[in-house]
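K.L.:
Show me the folded form of this:
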Amino acid sequence: MGKFNFIKTKLEDVYIIESKMFKDNRGYFMETYNKKDFFDEGLTMNFVQDNESKSTKGVLRGLHFQTKHTQGKLVRVTKGKVFDVAVDLRKGSPSFGKWQGVLLTECNKKQFYIPEGFAHGFLVLSENAIFNYKCTDFYAPQYDSGVLWNDEDIGIKWPLKEIKNVILSEKDKKQKPLNKVNIPFKYKK
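P.N.:
So this is what the prediction gives:
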């Protein structure tokens, strides 16, 4: 394995990424992004904005996307544990409306790449979580949109067993199911 292990998922263009860690008695060192290694894998995105959020157990953020100034996101957890999800919104894609989830933790150090044309969301499973995003375009609130987090047609299997109360923003409480959302993305393969 090189510095990264790029794991293709059931959704085309969505990756789980594992970084090689170098450990010794002082702790560890790892790269979380290297443009050359990512480009060699065919991931030719250009990141322009980094974000960080802190949330408490039961917070569910998503499922979000921007209709213009679409954002690809490379995400990871630096504290805590979350269940992270990507939903394919590219009309004409063989996996349109399908989802991929991954457990991201401060211990497993996995990253998840969600390209443009996908909705993204996560559920906090630990008491607190710090979540980091690298984005391919700037946040444009006027183009902010989303899909209902528990849309039955998508059927995400959120790990709710230990969550007493799902905590949503007012915006996320009002999201619509996928079949009622205007989706601007088209599959380009």
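
K.L.:
Give me the number of neighbouring residues for the residue lying closest to residue 47 once chain neighbours are set aside.
P.N.:
Using Cβ to Cβ, 6 or more residues apart in numbering and skipping residues adjacent in sequence, the residue nearest residue 47 is residue 134, 4.4 Å away. Just so you know, the C-beta spots here come from the backbone N, C-alpha and C atoms, and that holds for glycine as well. Residue 134 has 20 neighbouring residues, counting by other Cβ atoms under 10 Å.

K.L.:
What of the one 4 residues further on?
P.N.:
Look at residue 138: counted by other Cβ under 10 Å, it has 10 neighbours.

K.L.:
Can you tell me the element it falls in?
P.N.:
Under DSSP states H and E, no helix or strand contains residue 138.

K.L.:
and it, what does it touch?
P.N.:
48, 49, 69 (Cβ atoms under 8 Å, 6 or more residues apart in numbering).

K.L.:
who wins for neighbours among these?
P.N.:
Of the contacts of residue 138, with other Cβ under 10 Å as the count, residue 69 tops at 15 neighbours.

K.L.:
looking at it, that one is touching residue 142, isn't it?
P.N.:
No. Assessed by Cβ atoms under 8 Å, residue 69 is found out of contact with residue 142, at 9.1 Å.

K.L.:
I'd like to know how far the closest residue to residue 72 other than its chain neighbours sits from residue 159.
P.N.:
The spatially closest residue to residue 72, leaving aside those adjacent along the chain, is residue 136, at 4.0 Å (Cβ to Cβ, 6+ apart). Computed as Cβ to Cβ, to the nearest Å, the residue 136 to residue 159 distance reads 28 Å.

K.L.:
Who has more neighbours out of these two?
P.N.:
Taking neighbours as other Cβ under 10 Å, residue 136 and residue 159 compare with residue 136 leading, 17 against 12.

K.L.:
ok, now which ones touch that one?
P.N.:
45, 46, 47, 48, 70, 71, 72, 73, 116.
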